[in-house]
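[1] Turn this into a model:
(chains A, B, C and D)
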Protein chains: 2
Amino acid sequence: MGVSAKKRPTISDVAKLAKVSTATVSRALQTPDLVSQSTRDQVLDAVKRTNYRINSAAKMLRQNRAATLLVLLPDIANPFFSEILSGIEDIATERDHTILIGNTNGEEARTHDLLDLLQCGRADGALLLNGALALPPDEVEALALISISAEIPVANISHVGIDNVGALQEITNHLISLGHRNIVHICGPAGNILSSQRRTGYEQAMLDSGLGEYNRTISGGFTVQDGKAAVGELLKSGDLPTALVCANDDAAIGAILELKQNGLSVPQDVSVSGFDDVPIASLFSPAITTIRQRRKEIGQQAARLLFEELSASAMKPQKLMVDHELVLRDSTCAPRKDA
Amino acid sequence: MGVSAKKRPTISDVAKLAKVSTATVSRALQTPDLVSQSTRDQVLDAVKRTNYRINSAAKMLRQNRAATLLVLLPDIANPFFSEILSGIEDIATERDHTILIGNTNGEEARTHDLLDLLQCGRADGALLLNGALALPPDEVEALALISISAEIPVANISHVGIDNVGALQEITNHLISLGHRNIVHICGPAGNILSSQRRTGYEQAMLDSGLGEYNRTISGGFTVQDGKAAVGELLKSGDLPTALVCANDDAAIGAILELKQNGLSVPQDVSVSGFDDVPIASLFSPAITTIRQRRKEIGQQAARLLFEELSASAMKPQKLMVDHELVLRDSTCAPRKDA
DNA sequence: CTGAAAGCGCTTACAG
DNA sequence: CTGAAAGCGCTTACAG
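    As a prediction, the model looks like this:
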């Protein structure tokens, strides 16, 4: 309840009660090995009796570290990000660090403001899930940063993610192997690095299979609405492919909903694939063929890497590739014979 | 990258450059009105030239506040919680506060450890989404706490959530009005306050409509798996109702999947209702009749309430009720005539 | 409107 | 193994 009258006990209160110096209290608590058994017991007893808690601001100031990781994401409420966050949390907790989160809403200004938390010492390093940086390269130099999923193409930033190009090649090849030739890619948001990587994967697969004449990408996005709109365009154009390779699961869901709405069935009339394997992908009907990203592991690896960088005096940026997996479900099948 | 050789500029560096005292620098930055225009300009210029950032640990120590809110939740990756979190974030950002998150995994020990962050001054108040406290009442006294969604029945804790009893009455009454009589409630996890409130709502509705003889609750939970298992039991028992009222959407999804798997159709053979209106509820087929909780608003209200408590010297705990809404979709319809 | 100085609560060389 | 003392970088009465 608001302002409490009672003042919190400090390390001197404990010291007085234990009849030792504050230095000894500090040691007994932080580096118990440096203190005799009996002293330690005395101190611990005094701590208990006073109900003492360390003042972490004082500790931070003195030690010049926050024991905190900053996580920037465009949208906390998106399960794709929140599962990565959960992996980060695992590792942070393991190492007694706390997590500060910042929702950027994809806004550069907000990203900039949030990175200030690093510069003012409130966090020791940051994990960037938003694929954007908004900081001049010379300021980045001194910060411990890791990009996750969407790689930030700036020197000196480590990265953890999957092979998006390869993954989209795999899923496109799968469709080709089923017999599809007229395969359209509904791509992600413009300017997003994941969009272009996935698009590249699609195009490479098409070209490698001699399907260059069918190579066609239409603009889409990462939301259900984007998928619907893209299919809407496609239907208007009258040139419907037998398969749609979408940039992510949400777009695939939108695509399927729009197809159904127009009396088409998935996968019989059109096969549709997603990307990410978010929870809904397996529950949707039809269950969606997709690429599974091990999000929790991605988060864990990224956090570990950040800790490495924080403890190393200097390290060159690393790029970590986490395995992905093609998951075949019900939204894809062989094309109709007459197609 | 890791340890930087260059030391960060401090307030004295700025003071020296601006040829004023550190006190003046502090005022120019924190309370500009107390400083003359020309002095302010000088200071701001020096700040820019030194690239000065305040050291927040020092500020925290001096001011004895962290400008940080702690959010405890059982599972970050669950969209139900992450959308509330997003609402909290809105308000916190508005008031220049940061958010520390803690995943409790529903473990009491973890909850306890995380609440230590309040006691050591790393956060000024906490929002509890996990319905558990794990702290002796006398220690709670001095803390600013708000429970969200799952009310914590302890004195001196404010709460923000919806009327779970009323909501489940509404949804049960809807089913009754469609003509259902044999309606079974698949309840939430045992020991959870939301479970018992929703169960109460169901029971009240049944009794109020003179359907006491059909009043039947079976144990379930909040996961897809729980819903499946509950329906599995029901099928084994051979006594299938015409409608199932589930404790949340995930359980409803599980229930529907299990019914379908056994050749039954929803809603024709059995109507099924959910609770929460998580994103998947509208996308699932059939789209799920449910209770919409305005999660973002719940988060916002809770954060506002916490700020109020932090600024008030003393306040008695408040209980805030946010409106919910019955959303009718495709998973419920009138029972078969022969039922 | 501005400055000198105290002090927030720790930790850590340094000395013994 | 322990203590005295300096100092981390701010803010804020107090005085002018």
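[2] Other residues contacting the helix or strand bottoming out on mean pLDDT in chain A?
    When the helices and strands of chain A are scored by mean pLDDT, DSSP states H and E, helix A:137-140 comes last with a mean of 80. Contacting residues not belonging to helix A:137-140 are listed as A:Q119, A:L133, A:V154, A:A155, A:N156, A:I157, B:N51 [Cβ atoms under 8 Å, 6 or more residues apart in numbering or on different chains]. The C-beta positions use only the backbone N, C-alpha and C, and glycine is treated the same way.
[3] got it, and stretch A:221-231?
    For stretch A:221-231, contacts defined as Cβ under 8 Å, 6+ apart pick out A:186, A:188-189, A:192, A:218-220, A:244, A:246-248, A:250-259, A:262, B:283.
[4] Mind doing that once more with 7 Å?
    Contacts with stretch A:221-231, where a contact means Cβ atoms under 7 Å, 6 or more residues apart in numbering or on different chains, come from A:186, A:188-189, A:218, A:220, A:246-248, A:250-255, A:257-259.
[5] Next: stretch A:122-135.
    A:65-66, A:68-74, A:81, A:84, A:88, A:100, A:104, A:106, A:108, A:111-112, A:115, A:117-118, A:140, A:144-150, A:152, A:154, A:192-193, A:302-303, A:306, A:309-310, B:56, B:98.
[6] again, 6 Å this time
    For stretch A:122-135, contacts defined as Cβ atoms under 6 Å, 6 or more residues apart in numbering or on different chains pick out A:65-66, A:68-74, A:81, A:100, A:104, A:108, A:111-112, A:115, A:117-118, A:144-148, A:150, A:152, A:193, A:302, A:306, A:310, B:56.
[7] what's the answer for stretch A:287-300, then?
    Counting by Cβ under 6 Å, 6+ apart, A:83-84, A:87-88, A:90-91, A:160, A:162, A:167, A:171, A:249, A:252, A:273-277, A:281, A:322, A:324-325, A:327-332 sit against stretch A:287-300.
[8] cutoff 7 Å now
    Residues outside stretch A:287-300 that contact it (Cβ under 7 Å, 6+ apart) are A:80, A:83-88, A:90-91, A:148-149, A:160-162, A:167, A:171, A:249, A:252, A:273-277, A:281, A:322, A:324-332.
[9] can you check stretch A:22-29 too?
    By Cβ under 7 Å, 6+ apart, stretch A:22-29 touches A:I11, A:S12, A:V14, A:A15, A:A18, A:L34, A:V35, A:T39, A:R40, A:V43, A:L44.
[10] Tell me the secondary structure at the last one.
    Under the three-state scheme (DSSP: H, G, I helix; E, B strand; the rest coil), A:L44 adopts helix.
[11] elements contacting the helix or strand just after the least confident helix or strand of chain A?
    Counting by DSSP states H and E, the element after helix A:137-140 in chain order, helix or strand, is strand A:145-148. Using 3 or more Cβ pairs under 7 Å, 6 or more residues apart in numbering or on different chains; DSSP states H and E, the elements in contact with strand A:145-148 are strand A:125-128, strand A:158-161, helix A:295-311.
[12] Model confidence for the residue of the stretch 151-300 of chain A found nearest DNA strand D, exactly?
    Residue of the stretch 151-300 of chain A nearest DNA strand D, by Cβ to the nearest atom of the strand: A:N156 (24.0 Å). Model confidence at A:N156, given as pLDDT, is 80.
[13] Quick one: residues contacting A:H159.
    Neighbour list for A:H159: A:I146, A:S147, A:E151, A:K319, A:L320 [criterion: Cβ under 7 Å, 6+ apart].
[14] swap the cut-off to 8 Å and go again
    A:I146, A:S147, A:I148, A:E151, A:I152, A:P317, A:Q318, A:K319, A:L320.
[15] Give me the three-state assignment for the fifth one.
    Which is A:I152. Following three-state DSSP, A:I152 is assigned to coil.
[16] interface residues of the stretch 201-339 of chain A facing chain B?
    Selection of the stretch 201-339 of chain A residues close to chain B by Cβ under 8 Å from any Cβ of the partner chain yields A:224, A:253, A:257, A:279-280, A:283-285, A:309-315.
[17] Most neighbours of all those, which one?
    The residue in those with the most neighbours, by other Cβ atoms under 10 Å in any protein chain shown, is A:I253 (25 neighbours).
[18] How many neighbouring residues does the residue nearest to A:N164 when sequence neighbours are not counted have?
    Counting by Cβ to Cβ, 6 or more residues apart in numbering or on different chains, the nearest residue to A:N164 once its immediate chain neighbours are dropped is A:Q197, at 3.8 Å. Per other Cβ under 10 Å, the neighbour tally for A:Q197 reads 22.
[19] And the pLDDT for A:Q197?
    For A:Q197, the model assigns a pLDDT of 97.
[20] A:K316 now?
    Looking at A:K316, the pLDDT reads 85.
[21] before we move on, back to that, what comes up buried for the least confident helix or strand of chain A?
    A:V140 (16 or more other Cβ atoms under 10 Å in any protein chain shown).
[22] repeat for stretch A:215-235
    A:217-218, A:220-224, A:226-231, A:234.
[23] hmm, which two among the residues you listed are most spread apart?
    Greatest spacing in those, by Cβ to Cβ: A:T217 and A:V224 (19.4 Å).
[24] related to what we said a few turns ago, which among the contacts of helix A:137-140 end up buried?
    A:Q119, A:L133, A:I157.
[25] Now distance to A:Y202 too, for these, in TSV please.
    What follows is the buried ones among the contacts of helix A:137-140, written out as TSV (distance: Cβ to Cβ, whole Å):
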residue	distance to A:Y202
A:Q119	40
A:L133	27
A:I157	26
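[26] hmm, back to that, inside helices: which ones of the contacts of stretch A:287-300?
    Counted as lying in helices by DSSP state H, out of these, are A:80, A:83-88, A:90-91, A:167, A:171, A:249, A:252, A:281.
[27] what sits against A:D13?
    Going by Cβ under 8 Å, 6+ apart, A:D13 touches A:T50, A:Y52.
[28] Is whichever helix or strand it is part of in proximity to DNA strand C?
    Element membership for A:D13 (DSSP H and E) is helix A:11-18. Yes - using Cβ under 7 Å from any atom of the strand, helix A:11-18 reaches DNA strand C at A:I11, A:S12.
[29] Helix or strand next in line after that helix, which one?
    helix A:22-30.
[30] Extract the CA atoms of that next one and return them as PDB.
    Extracted as PDB, the C-alpha positions of helix A:22-30 are listed here (Å, rounded to 0.1, in the frame of the first residue of the first chain):
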ATOM      1  CA  THR A  22      28.900  -4.200   6.900                       C
ATOM      2  CA  ALA A  23      31.700  -5.500   4.800                       C
ATOM      3  CA  THR A  24      31.400  -8.800   6.600                       C
ATOM      4  CA  VAL A  25      27.600  -8.900   6.100                       C
ATOM      5  CA  SER A  26      28.100  -8.300   2.500                       C
ATOM      6  CA  ARG A  27      30.700 -11.100   2.200                       C
ATOM      7  CA  ALA A  28      28.600 -13.500   4.200                       C
ATOM      8  CA  LEU A  29      25.700 -12.900   1.700                       C
ATOM      9  CA  GLN A  30      27.600 -12.600  -1.600                       C
END
